[in-house]
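K.L.:
using only what follows, build the 3D model:
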Amino acid sequence: MNWVSAITLPARAGIAIAEQAIGVAEVALATTRMALATGASGTAGVASLANPRGGTMQLLAQLGQLTSDDRALGNALKEGGPLDRLLAQGGVVDRLTSEDGTLERLLSPGGPVERILAPGGPLDRLLAEDGPLERLLAEGGLLDRITATNGPLERLTAKDGPLEVLTRQDGLIERAIAEEGILETLLAEDGAIERLTAKGGPLDQLVKLSETLTSVAPNIERMSISIDILQDSVEILSAAVHPLGELVGRLPSRWLKSGKQSVHELH
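P.N.:
The predicted model follows:
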């Protein structure tokens, strides 16, 4: 329910400040009544008003200090101040509590709060036995390991550790976000990222190349099948030619010589 509390915080803060303002007004009214009552009793009343220890004037002085512009309560109560803005028409509290406003949508039947709190819902699963929260907080669990002595958190935040190196003066982050730094160079008009993602740029060409390679893949597969068939054909031809070579070797030599002479005569 913490997130619900966070969402309703402005409304609760406004109500709390309003209560304080009413309390201050009541104190002021009571003090004024006391002053009027004691003022009617002559010299004793004047002495009571001027008493620096607990007298009416002291109460009024304290009230004035509390509501002065340089104090938190006075700043909150001043015209156009935080309380005015919170409670103004169309302000934060008005938007939160209006019809079809944030609170109504959150608390409506079947709304976010009901779904979160439903049996078997996110909150049930989060708080279930051996659920994420229990595993996170268990002895030797994730939180223990992160916060252990010389653990990840300690190493990250150690002197001259990664976080200090990143955030120190003239460190990586400062150099990255400096004027004409890496970030500005990357994000500048016609910078590296713009050129990289431009139409017809490297990324576009890579996408087209991947599409081409995807279309080529089936052809390569068909070619590999054809090569296998050709290999089989070559093996068959080799098997057929080998007996012919043996047969030629067994022919009489005079037949071969006469064959050669016939060839010469033809030339």
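
K.L.:
so where is the stretch 1-150 of the chain shaky, pLDDT-wise?
P.N.:
1-69, 71-77 (pLDDT under 70).

K.L.:
now with 90, please.
P.N.:
Residues of the stretch 1-150 of the chain that meet the criterion pLDDT under 90 lie in 1-113, 117, 120-121, 128-131, 138-142, 149-150.

K.L.:
quick check: residue 117 touching residue 123?
P.N.:
Yes: between residue 117 and residue 123 there is a contact at 5.8 Å, judged by C-beta atoms under 8 Å. C-beta coordinates here come from the backbone N, C-alpha and C atoms, glycine included.

K.L.:
state the number of residues packed around residue 105.
P.N.:
Neighbourhood size, residue 105 [other C-beta atoms under 10 Å]: 11.

K.L.:
how about it, secondary structure?
P.N.:
helix (DSSP: H, G, I helix; E, B strand; the rest coil).

K.L.:
is it true that it touches residue 111?
P.N.:
Yes: the pair residue 105 / residue 111 is scored as a contact, 6.0 Å apart, by C-beta under 8 Å.

K.L.:
from residue 200, how far out is residue 139?
P.N.:
Look at residue 139 and residue 200: by C-beta to C-beta, to the nearest Å, they are 58 Å apart.

K.L.:
mind pulling the model confidence for residue 258?
P.N.:
Listed pLDDT for residue 258 reads 58.

K.L.:
please begin residue numbering at 276 from this point
P.N.:
Happy to do that; since the first residue is 276 now, the last one works out to residue 533.

K.L.:
in this protein, which helix is the longest?
P.N.:
The longest helix of the chain (DSSP state H) is helix 477-525.

K.L.:
so what does it touch, helix or strand wise?
P.N.:
helix 467-472 (3 or more C-beta pairs under 8 Å, 6 or more residues apart in numbering; DSSP states H and E).

K.L.:
next, the buried residues of the helix it packs on.
P.N.:
Buried residues in helix 467-472, counting neighbours by 16 or more other C-beta atoms under 10 Å, are absent.

K.L.:
average pLDDT across it?
P.N.:
Mean pLDDT, helix 467-472: 84.

K.L.:
for stretch 498-509, same thing?
P.N.:
pLDDT averaged over stretch 498-509 gives 81.

K.L.:
need the CA coordinates for that stretch. CSV is fine.
P.N.:
Output of stretch 498-509 as CSV, limited to C-alpha atoms (Å, rounded to 0.1, in the frame of the first residue of the first chain):
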residue,chain,number,x,y,z
MET,A,498,22.9,-25.4,-54.2
SER,A,499,24.3,-27.8,-51.5
ILE,A,500,21.7,-30.4,-52.6
SER,A,501,22.8,-29.9,-56.3
ILE,A,502,26.4,-30.3,-55.3
ASP,A,503,25.6,-33.5,-53.5
ILE,A,504,23.8,-34.8,-56.6
LEU,A,505,26.8,-33.8,-58.8
GLN,A,506,29.1,-35.6,-56.4
ASP,A,507,27.1,-38.7,-56.7
SER,A,508,27.1,-38.4,-60.5
VAL,A,509,30.9,-38.0,-60.5
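
K.L.:
tally of neighbours for residue 398?
P.N.:
If we define neighbours as other C-beta under 10 Å, then residue 398 has 16 of them.
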